[in-house]
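# need coordinates for the below:
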Amino acid sequence: MTSAPRNVEDPRLAEMLDVIFKFAAGDLTARGTLSDDDSALDGVMAGINILGEELEAQVDENKQAQQALSESEALLRGVFDSVQDGIIVAEAKTRRYRMVNPAICRMLGYSAEELLNLGMKGTHPEEDLPNVVRQFERLVRGEISLAPNLPMKRKDGSVFYADANAGPMMLNGVACLVGVFRDITERRQAEEEILKLNKALEEKLQQLLEAQEELVRKEKLAVLGQVAGSVGHELRNPLGVMSNAVYFLQTVLSDADETTKEYLNIINDEIADSERIVSDLLDSVRTKPPQPETVAVAELIGQTLGKLTIPPAVTVRLDIPAALSPLRVDAMQIHQVLRNLISNGVEAMAQGGVLDISAVENKLESSVTINVRDTGTGIAPEILPKLFQPLFTTKARGIGLGLVVVKNLTQANGGSVKVESEVGKGTVFTVTLPAADERGV
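So this is what the prediction gives:
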């Protein structure tokens, strides 16, 4: 400790030096006495006393500021240590961890020392690390303030997800990013459960709609069943009379003018269409048991085409292998199936096109598949599932029974039918039927 020199003879000067040395020793309460002679030394002493007062006041302020700083640091440390969300302070440039709080240690299962040594690479799954680094860099640049759904890897290897809110800070002159991590595992589980419940609800709703549609279909079929028999026979009788009358007129008026012949042909065609509608009406509600016989595919298709009027704008191409096994089916019923499919294909090509009819045999399954493909307008995907429903039609003059008959008769003969279509490119109906064995049965 420094003391005032003992060899100063002037007592006023000695006192002055003593006060100064006390200041130097930390005693800022020391003061010199003033005389009444207004000497120069009194002026100096007065200045020293004022300096002591100012130094003492400054020291008191510094102590108060230091105490406030200590209290603030204690408060921040208390918040840092007690908050339930995990906190990590990482260097912006190196991504090295500088500070971690107890909550993040509990979340990840590491001690604070272990986390500080691990850094970012050790706290995220390796396969997700590139994305985590990209999110960190975006946070550093201030492009985002929240990085959601970050995968976090615990010490035991398990993974959970957290939302990270982050912002910049300076720590001992180093630019850092402070991130607050909130475990969203329960929220994700709740969201997943909600998605499952929504999916289950949608499935139940779809089942309900399908059940409702099935009920409507059954009601339609019940109504058809009640009226088909009586109405069908009542219509067939006058249609038969009209058909005979037209045949008679065409016979006795063989030398009539072209206009008369044309109108007689129109009447005859309309009668044929009406008879087909009546047949479809009857077959849609009650399919007669088939009378199987052995029939060649080429012959069956040829007979069907021979009874239909194909417009000049439609080209029919056949691909029926000569070695194809014959079918074992009711020829009349399958003739009706092919007639409906070919007629639909022709109607779908109002501006003309190509109708491809092909057949292929599956020896292993003892079946023959007939494809009827058109290059028409195609069928929209939402309509395809409804094609085989009774009374469903997209035609202006249709009643929605033709494809019902196709399905019923095909299934009655032990076969199956399916459809594929692409809007703007065309449609293909595929009918698979049993082939006759070597004995023709």
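# so who does residue 369 touch?
359, 360, 361, 362, 430, 431, 432, 433 (C-beta atoms under 8 Å, 6 or more residues apart in numbering). In this view, the C-beta of every residue, glycine as well, is placed from N, C-alpha and C.
# quick one: the helices in the stretch 251-400 of the chain?
258-285, 297-306, 331-347 (DSSP state H, counting those that start in this stretch).
# would TSV of the ones you listed with distance to residue 108 and mean pLDDT be doable?
Formatted as TSV, the helices of the stretch 251-400 of the chain follow (distance: least, C-beta to C-beta, whole Å; pLDDT from 0 to 100):
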stretch	distance to residue 108	mean pLDDT
helix 258-285	69	75
helix 297-306	72	92
helix 331-347	67	91
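# out of those, deepest packed?
Of the helices of the stretch 251-400 of the chain, the one with the most neighbours on average (mean count of other C-beta atoms under 10 Å) is helix 331-347, at a mean of 21.
# tell me the angle that one makes with helix 258-285.
Put simply, helix 331-347 runs at 120 degrees to helix 258-285, going by axes from the mean of the first three to the mean of the last three C-alpha atoms, to 10 degrees.
# quick one: helix 331-347 to helix 297-306, angle?
Using the same axes, to 10 degrees: helix 331-347 against helix 297-306 is 60 degrees.
# for helix 331-347, what is the distance to the chain centroid?
41 Å (C-alpha atoms, centre = their mean, to the nearest Å).
# kindly report the same for stretch 55-72.
The answer for stretch 55-72 is 62 Å, by C-alpha atoms, centre = their mean.
# can you list contacts of that stretch?
23, 28, 29.
# going by distance to residue 386, which of these wins?
residue 28 (99.3 Å; C-beta to C-beta).
# the residue lying closest to that closest one once chain neighbours are set aside: neighbouring residues, count only.
Nearest residue to residue 28, sequence neighbours excluded (C-beta to C-beta, 6 or more residues apart in numbering): residue 56, at 4.1 Å. Neighbours of residue 56 under the rule other C-beta atoms under 10 Å: 15.
# straight-line length of stretch 116-129, end to end?
17 Å (C-alpha to C-alpha, to the nearest Å).
# about what we covered before: and which of the contacts of stretch 55-72 is nearest residue 334?
Among the contacts of stretch 55-72, and counting by C-beta to C-beta, the member closest to residue 334 is residue 28, at 119.2 Å.
# just to check, the closest one is in contact with residue 51?
No. Counting by C-beta atoms under 8 Å, residue 28 stays clear of residue 51, with 9.3 Å between them.
# follow-up on the earlier one: just the pLDDT at the residue nearest to residue 28, thanks.
Note for residue 56: predicted pLDDT of 78.
# assumed it was part of a helix.
Yes. Counting by DSSP: H, G, I helix; E, B strand; the rest coil, residue 56 falls inside a helix.
# reformat the helices of the stretch 251-400 of the chain as CSV; add distance to residue 417.
Shown next, in CSV, are these (distance: least, C-beta to C-beta, whole Å):
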stretch, distance to residue 417
helix 258-285, 14
helix 297-306, 16
helix 331-347, 8
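# which one of those helices lies closest to residue 90?
When the helices of the stretch 251-400 of the chain are compared by C-beta to C-beta, helix 331-347 sits nearest residue 90, at 69.3 Å.
# helices or strands next to that closest one in the packing?
helix 258-285, strand 293-295, helix 297-306, strand 353-362, strand 367-374, helix 402-412, strand 426-434 (3 or more C-beta pairs under 8 Å, 6 or more residues apart in numbering; DSSP states H and E).
# out of these, nearest to residue 175?
Ranking the helices and strands packed on helix 331-347 by proximity to residue 175 (C-beta to C-beta) places strand 426-434 first, at 65.7 Å.
# which neighbours in the sheet does that closest one have, and how are they oriented?
When sheet partners are counted by DSSP bridges, strand 426-434 sits next to strand 367-374 (antiparallel), strand 416-422 (antiparallel).
# among these, which is the most enclosed?
The most buried one of these (mean count of other C-beta under 10 Å) is strand 367-374, showing a mean of 21.
# and it, average pLDDT?
95.
# cool, and stretch 416-426?
Mean predicted lDDT for stretch 416-426 stands at 92.
# what does that stretch contact?
With C-beta under 8 Å, 6+ apart as the criterion, stretch 416-426 contacts 337, 348, 353, 373-381, 384, 387-388, 406-407, 410-411, 427-432.
# if any of those are buried, give me the PyMOL selection for them.
If you want just the buried ones from the contacts of stretch 416-426 in PyMOL, going by 16 or more other C-beta atoms under 10 Å, the selection is:
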select buried, resi 337+348+353+373+374+375+376+377+378+379+387+388+406+407+410+427+428+429+430+431+432
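# which positions in stretch 319-335 come out as buried?
320, 324, 325, 326, 327, 328, 329, 330, 331, 333, 334, 335.
# turn those residues into TSV, columns for distance to residue 273.
Output for the buried residues of stretch 319-335, formatted as TSV (distance: C-beta to C-beta, whole Å):
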residue	distance to residue 273
320	27
324	31
325	34
326	31
327	27
328	31
329	25
330	23
331	22
333	19
334	20
335	17
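# let me know the closest of those to residue 142.
residue 320 (73.2 Å).
# now do the contacts for that closest one.
297, 298, 301, 357, 358, 359.
# which pair of those spans the longest distance?
298 and 358 (11.4 Å).
# between the two, what contacts are shared?
318, 320.
# coming back round to it: mind checking which of the helices and strands packed on helix 331-347 is nearest residue 203?
Short answer: helix 402-412, nearest of the helices and strands packed on helix 331-347 by C-beta to C-beta, at 26.0 Å.
# run through who's touching the closest one.
Counting by C-beta under 8 Å, 6+ apart, 279-280, 283-284, 287, 289-290, 330, 333-334, 336-337, 340-341, 343-344, 387-390, 416-417, 429, 431, 433 sit against helix 402-412.
# what stretches of this protein score poorly on pLDDT?
1-10, 36-39, 68-82, 220-234, 236, 276-277, 280-287, 391-392, 394-400, 438-441 (pLDDT under 70).
# please name the bridge partners of residue 430.
Beta-bridge partners of residue 430, as defined by DSSP bridges: residue 371, residue 418.
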